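1. show me how the following folds:
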Amino acid sequence: MGYGVFQMTSQEVEEHLPEAIGAGLRHIDTANAYFNEVAVGKVVKDSSIDRSEFFITSKLWPRDYGYEDCKRTIDATLRRLDMDYVDLLLLHQPYGKYTEAWKALEEAQAAGKVRDRPVQLQP
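-> So this is what the prediction gives:
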């Protein structure tokens, strides 16, 4: 089971995500388009649970699928989350320059910035 933070404000994330973590949830699903990655990272960091116990998923938005844009966006996601890596990074929608994004995801995985194999969501 996971906890998704879609349509939650940062304040709501900071209020409710600790409750989910307290209930035992360790998979957290966010995205750069949700504008709450900073709050997710803060709650995870402020918990008494080691980062390695969490499975953090985030997503890239199609406007960032160009190769260079994707590389910058991956690093920006990690900065917002205040993490060295995410466990899973998804292409939010498979259109546009997603083949360029795929190459950037493979490189991010090889660099340890993404732990799981890059995955593309199906429409």
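2. ok, then the element right after the helix or strand harbouring residue 57?
-> Residue 57 belongs to strand 55-60 when assigned by DSSP states H and E. Sequence order places helix 67-81 as the next helix or strand after strand 55-60, per DSSP H and E.
3. so what touches that following helix?
-> 30, 32, 37-38, 40-41, 44, 56, 58, 60-61, 63-64, 84-86, 89, 97, 100-101, 103-105, 107-108, 113-114 (CB atoms under 8 Å, 6 or more residues apart in numbering). Using the backbone N, CA and C atoms, a C-beta is placed for each residue, glycine as well.
4. any quick PyMOL command for the buried ones out of those residues?
-> In PyMOL, this line selects whichever of those come out buried by 16 or more other CB atoms under 10 Å:
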select buried, resi 30+32+37+38+40+41+44+56+58+60+61+64+85+86+89+97+100+101+104+105+107+108+113+114
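5. can you flag which of the contacts of helix 67-81 belong to strands?
-> Mapping these onto strands (DSSP state E) picks out 56, 58, 60, 89.
6. JSON lines for these, including distance to residue 21 and pLDDT?
-> As requested, the ones in strands among the contacts of helix 67-81 are exported to JSON lines (distance: CB to CB, whole Å; pLDDT from 0 to 100):
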{"residue": "56", "distance to residue 21": "12", "pLDDT": "96"}
{"residue": "58", "distance to residue 21": "17", "pLDDT": "97"}
{"residue": "60", "distance to residue 21": "25", "pLDDT": "95"}
{"residue": "89", "distance to residue 21": "21", "pLDDT": "94"}
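7. could you dump those residues to JSON lines with distance to residue 75?
-> Shown next, in JSON lines, are the ones in strands among the contacts of helix 67-81 (distance: CB to CB, whole Å):
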{"residue": "56", "distance to residue 75": "15"}
{"residue": "58", "distance to residue 75": "12"}
{"residue": "60", "distance to residue 75": "12"}
{"residue": "89", "distance to residue 75": "12"}
